[in-house]
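J.: Output the structure for:
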Amino acid sequence: MGAGMLLEEEQSAESTGALWTILQTLATGVLVASPEGTLLFFNSAAEQMLGISAADRQQPSEWPVIYGWYLPDKSTLLSHDQLPLPRVMHGEEITGEVVFVRSPYRPAGAWISVDGRPVRNQEGELTAAVLVLHDVTESRRSLESNVLLSQVVEQIADGVVLTDKHGIIEFVNPAFETISGFRTEELRGRTPRVLRSGQHSHEFYRQLWNQLLEGRPFQGVMINRRKTGELYHAEETITPIRDDSGNLTHFVSVMHDATKLLSNQEQEVQLRLARQVQQQFYRPAPNVTGFDIAAAAYPAYQTSGDYYDFIAMPHGSLCVAVGDVEGHGFGSALVMALTRAYVRSFAALGLEVDQILTQVNRMLVHDLGDGIFVTLALACVDIRNRSLVYAGAGHVPGYVVLQTGEMERTLESTGPPLGLFADVRFSRSSAVPLQPGELVLLLTDGLTESSGPGGSELGAGRVLEYVRSRRQERALEIVDGLFRLARQFAANGLQRDDITSVVLKVEGEARATE
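T.: You can find the predicted model right below:
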């Protein structure tokens, strides 16, 4: 062998060694296979990306399982014919094809971008297949995160607005379109001034802008105006956005329409105050010598349309009132308070129970709208003579129960409900004597109409049966027991109506009022 040939071989070996060194130090993976599928070469980067080693020179048919190459959906395993290397071995060129690799060697998986080229000799015969691999896991995950973030922003119920550093709107999500009434194309290129309601001063916006320019976020409730002109309250957080260099680039505002919430909170406050006032109306039963008296009202809601009252009459009698306003809630409570005021005013004049009903009806017809009415029962108890006179305006019956448990008398209404018909004159019963051991029961229909799980009603029969069986108990125990009876009958389901009852038990011999 000549010296020149030896020199060429040495130079070739040196070039091959240098090329080997270069390939091993590349961050890009390089993989070379023979036309038969034998791995001839792979550098360290390819080994790290795919988890292969010099001992893993598997046959091509085993590559799908051994190396775990998947479609981008990360769940569909590529078959042998779909793998990049066999395709290149068949002469196909591949550019920038992304696959997901997950195997026992790479259990967390990695995104790989693949370029592949077939290598041919001078005769055009395929001599090798070369794959160049790029690990794009971080960029792919960043892309997935951005896509996910975009989906979240698009789908959340809170409004999102993105502006540049000058306050020019670049993006709004669908929720903001719904809240404001403006479409994206109507807002892009404009400033949030389009939402101003006139409820905040110029100084408020000046301080807000200065705060944001200083890099401090704003959080608070703003009153804005929809496209329709309607005002709404927005719980809003505005955050300055900076780039990697710390330069202010954007502002992002996230807002929640709090109009309904604030309205509900305000209504809750009003209802709570109304309930507190109404509870003052439900005073304890008076201590009257010769009588054991108790009453209780159990509202179905925060406020009640039921009403009971004890009024000392000018001639020494005690007027007992039990009423029920049509409907429930705050409006019914207001009507109840109005009715109570009228009853007390006319009772203070010493009118008879029928006259009181006539005058209260006249006032309510004038005050109430169509369809609003009140049922009311009035029993005037003569303490000294132990008797009562009764009048009712469309109210459910009251009852007088004998000491033996028998029902002596039903106290029926003597006219229609209050507030419906003008110029109605009510009548009253004759005096009903009350004997020791007898019991008077006045109630509202929330008790008798309590519904059981099957839809049946408690009814007056069950109520009276309970009273007869418990007539030896104290009046307060009977009143509380009637409520428990109704709730048990309803299987403690939703209470749909106010429940009120008044019990007067006649004791001992007649004595004067304390």
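
J.: Please make it C-alpha for all contacts and neighbour counts, starting now.
T.: Will do.

J.: Pull out the CA atoms of the longest strand belonging to the chain and give them to me as PDB.
T.: Ranked by residue count, the top strand of the chain under DSSP state E comes out as strand 106-120. What follows is strand 106-120, C-alpha atoms only, in PDB (Å, rounded to 0.1, in the frame of the first residue of the first chain):
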ATOM      1  CA  ARG A 106     -40.000   7.700  28.600                       C
ATOM      2  CA  PRO A 107     -43.000   7.100  30.800                       C
ATOM      3  CA  ALA A 108     -44.000  10.800  30.900                       C
ATOM      4  CA  GLY A 109     -43.800  11.000  27.200                       C
ATOM      5  CA  ALA A 110     -42.300  13.600  24.800                       C
ATOM      6  CA  TRP A 111     -43.400  15.400  21.700                       C
ATOM      7  CA  ILE A 112     -40.900  14.800  18.800                       C
ATOM      8  CA  SER A 113     -40.700  16.700  15.500                       C
ATOM      9  CA  VAL A 114     -39.300  14.300  12.800                       C
ATOM     10  CA  ASP A 115     -37.500  15.100   9.500                       C
ATOM     11  CA  GLY A 116     -36.600  12.100   7.400                       C
ATOM     12  CA  ARG A 117     -34.600  11.600   4.200                       C
ATOM     13  CA  PRO A 118     -33.600   8.400   2.200                       C
ATOM     14  CA  VAL A 119     -29.900   8.100   1.300                       C
ATOM     15  CA  ARG A 120     -29.100   6.700  -2.100                       C
END
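
J.: Give the buried residues for the next helix-or-strand element following it.
T.: Following strand 106-120 in sequence order, the next helix or strand is strand 126-135 (DSSP states H and E). Residues of strand 126-135 classed as buried by neighbour count (16 or more other C-alpha atoms under 10 Å): 126, 128-135.

J.: Show me what strand 126-135 is packed against.
T.: strand 29-33, helix 84-89, strand 106-120 (3 or more C-alpha pairs under 8 Å, 6 or more residues apart in numbering; DSSP states H and E).

J.: rerun at 6 Å
T.: Helices and strands touching strand 126-135, by 3 or more C-alpha pairs under 6 Å, 6 or more residues apart in numbering; DSSP states H and E, are strand 29-33, strand 106-120.

J.: Let me see the residues that make contact with the next helix or strand after the first one.
T.: Toward the C-terminus, strand 29-33 is succeeded by strand 39-42 as the next helix or strand (DSSP H and E). Counting by C-alpha atoms under 6 Å, 6 or more residues apart in numbering, strand 39-42 makes contact with 30-33, all of which sit outside it.

J.: Can you add pLDDT and distance to residue 356 and give these back as CSV?
T.: Converted to CSV, the contacts of strand 39-42 look like this (pLDDT from 0 to 100; distance: C-alpha to C-alpha, whole Å):
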residue, pLDDT, distance to residue 356
30, 87, 104
31, 82, 105
32, 85, 108
33, 84, 109
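
J.: Which of the residues you listed are buried? Put it as a PyMOL command.
T.: The PyMOL selection below is limited to those of the contacts of strand 39-42 classed as buried (16+ other C-alpha under 10 Å):
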select buried, resi 30+31+32+33
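
J.: Which member of the contacts of strand 39-42 is positioned nearest residue 159?
T.: residue 30 (48.5 Å; C-alpha to C-alpha).

J.: And the closest one, how far from residue 41?
T.: To residue 41, residue 30 is 8 Å away according to C-alpha to C-alpha, to the nearest Å.

J.: Equivalent analysis for residue 102, please.
T.: 21 Å.

J.: before we move on, what about residue 434?
T.: 114 Å.

J.: for residue 480, same thing?
T.: For residue 480 relative to residue 41 (C-alpha to C-alpha), the value is 92 Å.

J.: can you give me the helices in the protein?
T.: 3-25, 44-50, 63-67, 84-89, 137-155, 174-180, 184-187, 202-213, 259-281, 329-347, 353-367, 445-448, 459-469, 475-489 (DSSP state H).

J.: Next up, the contacts around residue 436.
T.: If you count contacts by C-alpha under 6 Å, 6+ apart, residue 436 has them with 506-508.

J.: Just give the nearest non-adjacent residue to residue 427, would you?
T.: Nearest residue to residue 427, sequence neighbours excluded (C-alpha to C-alpha, 6 or more residues apart in numbering): residue 354, at 5.2 Å.

J.: That neighbour: how many residues sit nearby?
T.: Other residues near residue 354 come to 22 when the count uses other C-alpha atoms under 10 Å.

J.: Check residue 75 too.
T.: Residue 75: 11 neighbours (other C-alpha under 10 Å).

J.: which residues of the stretch 51-200 of the chain score low on pLDDT?
T.: Judged by pLDDT under 70, the stretch 51-200 of the chain has its weakly predicted residues at 52-66, 141-155.
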